[in-house]
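**Q** Here is my input, please return the structure:
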Amino acid sequence: MGEEKEIELFVPGRLCLFGEHSDWAGGHRRQNSKIEKGYTIIAQTNQGNYATVKEINNQNFQFISQPFKESLEVKLEEQELLKIAEEGGLFSYVAGVAHEIISSYRQCHQHGIIIDNYKTDLPIKSGLSSSASVCVLTTKAFNEIYDLGFTNRRIMELAYLGETTTPSRCGRMDQACAYNEPVLMTFDGDRVDAQELAIGRDMFLLIVNLKKGKDTMKILSDLNEGFPWPRSDFERKKHTYFSMINKRIVFEAKQAINNGDAETLGNLMKEAQMKFDNYLAPSSPEQLTAPVLHSMLSMPEIQKFILGGKGVGSGGDGTAQLVCKSKEDREKVRTVLERKNFGCLDLNLKKT
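**A** Here you go, the predicted model:
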């Protein structure tokens, strides 16, 4: 073997700007073609996972998690990796991805690989897909070390299949952190497409951790009532949201991003939250009434600095996003919110 490879990788998390829940709704087109395709816009976070990746002269897979001060070392052997993945736990995600890849690509048995995840600044359990980021990181590491020639779409697919080997049940949009730019994703039954979006002008968003709990599984269970076939006017109303309403808002948001029009983007976030509250929140009132989210969005102290905002992910009092008027205004909003014990992270949409 020649000189061993060593590369640096960074993989961000992801934030759903628009179109939450349309991934699974669009998946129901497998049974009911009258349901509209799902559409969502995903942006990559400024924060993520950093790693040094090396080729090693043995048949092992080693993953070092410096943030958690733990490591995994295992033979590149399908059944051993599958066992670790199915058991759950810290290394289940990376083991699931490794299992998926070595099951399909024989060249991965030629030598070993070590992934040293030496830094992460991506918070966990905040709707930013920290687990998907690690899965994509692992997929990209194998791609680089073994010269597998994956496209971004293939990286997304393998990371998704790897994560679903574990007890986790992630959404199909989570692995959009494989891309370098915001993407418009389309969900049509089992088919998923992603289109990178151009950004017309720098825009400055703030991700806000509301620091309140929510039950995502309860939200998903409640919202799925009436899919794929609605049985009442109440359930048909949910179908209406996932057809004409979500599609229109997402495509108007796509145009606003292309134009670098932060004002329109902020207004669309306000409209999306209003429509979500009207059409979907009554399905799960205990979880989606979200008093903390709505109180924060309407806080008088921040109104002159923002253009709009909405909830993130499944909804409820988990995480929110705000479109700020400028970088300086974002700092003013951060000061106000951190004084009230909210957590804040920057999200920059940079002109392309």
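
**Q** Give me the contact list for the helix or strand hosting Arg248.
**A** Arg248 is located in helix 246-259, with elements delineated by DSSP states H and E. Helix 246-259 has contacts (C-beta atoms under 8 Å, 6 or more residues apart in numbering) with 17-19, 22, 36-41, 182, 184, 197-201, 203, 261-262, 264-265, 268, 271-272, 275, 349. Placement of C-beta: from N, CA and C, glycine included.

**Q** make it 6 Å
**A** For helix 246-259, the external contacting residues (C-beta atoms under 6 Å, 6 or more residues apart in numbering) are 18-19, 22, 36, 39, 41, 184, 197-200, 264-265, 268, 272.

**Q** Which members of those are the farthest-apart pair?
**A** Farthest-apart pair in the contacts of helix 246-259 is Glu36 and Gly200; separation 27.0 Å (C-beta to C-beta).

**Q** More neighbours: these two, which one.
**A** Glu36 (21 against 17; other C-beta atoms under 10 Å).

**Q** Give the closest residue to that one in space, chain neighbours not counted.
**A** In space, and not counting its chain neighbours, Glu36 is closest to Ser243: 3.9 Å by C-beta to C-beta, 6 or more residues apart in numbering.

**Q** Check for me that that neighbour belongs to a helix.
**A** Yes: the assignment for Ser243 by DSSP: H, G, I helix; E, B strand; the rest coil puts it in a helix.

**Q** how close does it sit to Lys237?
**A** Going from Ser243 to Lys237 by C-beta to C-beta, to the nearest Å gives 11 Å.

**Q** Then Cys344?
**A** As judged by C-beta to C-beta, Cys344 and Lys237 stand 34 Å apart.

**Q** Name the residues of the lengthiest helix in the chain that are buried.
**A** Secondary structure of the chain per DSSP state H: the longest helix is helix 262-279. Buried residues in helix 262-279, counted by 16 or more other C-beta atoms under 10 Å: 262, 264-273, 275-277, 279.

**Q** Quick one: mean pLDDT for the strand or helix carrying Thr186?
**A** Taking DSSP H and E as the definition, Thr186 sits inside strand 183-188. Confidence for strand 183-188, expressed as mean pLDDT, is 96.

**Q** roughly how far is that strand from the heart of the chain?
**A** Remark: strand 183-188 is offset 13 Å from the chain centroid, using C-alpha atoms, centre = their mean, to the nearest Å.

**Q** ok, residues contacting it?
**A** Strand 183-188 has contacts (C-beta under 6 Å, 6+ apart) with 23, 26, 29, 37-42, 173, 176, 193-197, 254.

**Q** Thanks a lot, catch you later.
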